[in-house]
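Undergrad: kindly generate the corresponding structure for this input.
(one chain, ligands or ions: 1)
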Amino acid sequence: MFFEYAFLVTVVIGVSVSLFYCAVTGISPIPSSAISRDCILDCMPDGFSGTVAELGAGWGSLAFPLAAAFPDAQILAYELSPVPWLFMHMRQIVFRRKNLTISRANFMKRPMGGVTAVVCYLHSEGLEKARPKMEAELEAGTLLISNSFDMPGWEPETIHRLDDSFCPEVYVYRVPENPLSGVEG
Ligand SMILES: C[S@@+](CC[C@H](N)C(=O)[O-])C[C@H]1O[C@@H](n2cnc3c(N)ncnc32)[C@H](O)[C@@H]1O
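TA: Residues are numbered from 1 along each chain as shown. Presented below is the predicted three-dimensional model:
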């Protein structure tokens, strides 16, 4: 009886915390579909060996495959919501990837200098909020791969249309030379 009660309390707390963080971040920790994940991996340059920031890494559905596919790259996975972060952390304990760093953090408060590619699955509103930071801190030409949502104001280099009603597009961008956020009016 005690264990059933403890399990129930844990589930209720976990769900409540997750709902709270959905409200804070504006997006649920829904994972990228397998089709979109494969497309994102294909969009990465062959043999990529730079630093990839995953903005909102959820349960690690992209972070672990990225770390496996690009062993010479460093993957920085940021996740604010404690439940998916804890899951990702446990996953790292069991299936350790040396080139994957998992942080429970708001990516908006983490420096992006030195990052040479960004991947994310955020709403366009979240992307728009992150845009000034990306424009200020990332080198022009840095790769941004966004699952399903476009970056308002940026021209995509490529849009991959997927046969996947869940994640229908993958947008590929380069950080522009003349950032919008620095332009008056
Ligand atoms: C739709 S999920 C995507 C998960 C993963 N990237 C994937 O593709 O499978 C978006 C995640 O971003 C996280 N997130 C949103 N804003 C964030 C922020 N400012 N800092 C850290 N994580 C954030 C949410 O908690 C959520 O887990």
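
Undergrad: up against the ligand, what does this structure have?
TA: Selection of the chain residues close to the ligand by CB under 6 Å from any ligand atom yields 21, 25, 27, 29-32, 54, 56-58, 61-62, 78-81, 84, 106-108, 121-122, 126, 147. C-beta: built from backbone N, CA, C; applies to glycine.

Undergrad: give me the subset of the residues you listed lying in strands.
TA: E54, Y78, E79, N147 (DSSP state E).

Undergrad: what about the nearest residue to A140 once chain neighbours are set aside, neighbour count?
TA: Spatial nearest neighbour of A140, excluding adjacent residues (CB to CB, 6 or more residues apart in numbering): E177 at 4.6 Å. By the measure other CB atoms under 10 Å, the count of residues near E177 is 7.

Undergrad: D46 too?
TA: 6.

Undergrad: now the ones in strands among the residues of the chain next to the ligand: which count as buried?
TA: E54, Y78, E79, N147 (16 or more other CB atoms under 10 Å).

Undergrad: dump the residue contacts of the last one.
TA: The contact partners of N147, by CB atoms under 8 Å, 6 or more residues apart in numbering, come to S32, S36, I40, L62, V119, C120, Y121, C167, V170.

Undergrad: ok, 10 Å please
TA: With contact set as CB atoms under 10 Å, 6 or more residues apart in numbering, N147 has these partners: 31-33, 36-37, 39-40, 62, 119-122, 162, 167-171.

Undergrad: from the ligand, how far off is the nearest residue to E139 once chain neighbours are set aside?
TA: In space, and not counting its chain neighbours, E139 is closest to V175: 6.8 Å by CB to CB, 6+ apart. To the ligand, V175 is 18 Å away according to CB to the nearest ligand atom, to the nearest Å.

Undergrad: now V175: how far from S16?
TA: 38 Å (CB to CB, to the nearest Å).

Undergrad: who's more crowded, the two?
TA: Taking neighbours as other CB under 10 Å, V175 and S16 compare with V175 leading, 19 against 11.

Undergrad: now do the phi/psi pair for that one.
TA: phi -60, psi 130 (degrees, to the nearest 10).

Undergrad: what does S18 give?
TA: Per degrees, to the nearest 10, the backbone of S18 is at phi -60, psi -40.

Undergrad: near it, how many other residues are there?
TA: Quick note: S18 (other CB under 10 Å) scores 16 neighbours.

Undergrad: nearest spatial neighbour of it, chain-adjacent residues omitted?
TA: Per CB to CB, 6+ apart, closest to S18 is V83, 4.9 Å.

Undergrad: ok, of the contacts of N147, which come out buried?
TA: The buried subset of those - by 16+ other CB under 10 Å - is 31-33, 36-37, 39-40, 62, 119-122, 162, 167, 169-171.

Undergrad: was I right about the residue nearest to E139 contacting A130?
TA: No. Between V175 and A130 there is no contact under CB atoms under 10 Å: 11.5 Å.

Undergrad: overlap in contacts, those two.
TA: With CB under 10 Å, 6+ apart as the test, V175 and A130 both reach V118, L144, M151.
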